[in-house]
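S.K.: what would the 3D arrangement of this be:
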Amino acid sequence: MTFWILCGAAVFSVILGILLIWYGKRQFGVCTAETQGVVVDIYRNANFEGDSYAPVVEFQAGGQTIRGIARTEKTGGRSRIPFEEGDRVNLRYNPDNPSQFLIRGYDQNIIVWVGISGFAAAALLIAAAFLFR
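M.R.: Coordinates of the predicted model:
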């Protein structure tokens, strides 16, 4: 019985992993245009879990100036943000919606990484299923 429960959990992990990878690629894969931007501020988000920080960038796209906060907020102090105001950054943005952008080398598609971890979980579950068989 344990064998089948663990195998079922492994199948669920694989399906969930595939769905998360597909969703992450769909969401971030649209950022195909490349440009440079300038860090104009460091955003601070104070909440009950502690402060998190993210660079605020400004760039030109489609004849307009876009200003936005990076997708990835980092906790653990301001020193974890590798940028200062005035730094130039390379980024990719969605040509149809320039407010959707990624800073190259900084923003990570965490959804894809969680999806990949679903495959690792499936491997562990299958190994456990055969151990407890």
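S.K.: where does this structure dip in pLDDT?
M.R.: Scanning the chain for pLDDT under 70 picks out 73-80, 108-112.
S.K.: now the strands: where do they sit in it?
M.R.: Counting by DSSP state E, one finds strands in the chain at the ranges 33-47, 50-61, 64-69, 74-75, 88-94, 97-103.
S.K.: right, and these - which one's nearest residue 129?
M.R.: Nearest to residue 129, of all the strands of the chain, is strand 74-75, at 36.2 Å by C-beta to C-beta. Bear in mind the C-beta positions are built from the backbone N, C-alpha and C, glycine included.
S.K.: give me the contacts around stretch 33-51.
M.R.: 52-61, 67, 69, 73, 75-78, 81, 83-95, 98, 101, 103 (C-beta atoms under 8 Å, 6 or more residues apart in numbering).
S.K.: thinking again about what came up before, can I get the strands of the chain in JSON lines including distance to residue 119?
M.R.: Shown next, in JSON lines, are these (distance: least, C-beta to C-beta, whole Å):
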{"stretch": "strand 33-47", "distance to residue 119": "30"}
{"stretch": "strand 50-61", "distance to residue 119": "28"}
{"stretch": "strand 64-69", "distance to residue 119": "31"}
{"stretch": "strand 74-75", "distance to residue 119": "26"}
{"stretch": "strand 88-94", "distance to residue 119": "26"}
{"stretch": "strand 97-103", "distance to residue 119": "23"}
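S.K.: run through the residues that contact the residue nearest to residue 97 when sequence neighbours are not counted.
M.R.: Closest residue in space to residue 97, ignoring its immediate chain neighbours: residue 30 at 7.8 Å, by C-beta to C-beta, 6 or more residues apart in numbering. By C-beta under 8 Å, 6+ apart, residue 30 lies in contact with 94, 96, 97, 100.
S.K.: adding neighbour count, write those out as CSV.
M.R.: Output for those, formatted as CSV (neighbours: other C-beta atoms under 10 Å):
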residue, neighbour count
94, 18
96, 10
97, 13
100, 17
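S.K.: re the thing from before, buried subset of the contacts of stretch 33-51?
M.R.: With burial judged by 16 or more other C-beta atoms under 10 Å, the buried subset of the contacts of stretch 33-51 is 52-57, 59, 61, 73, 81, 83, 89, 91-94, 98, 101, 103.
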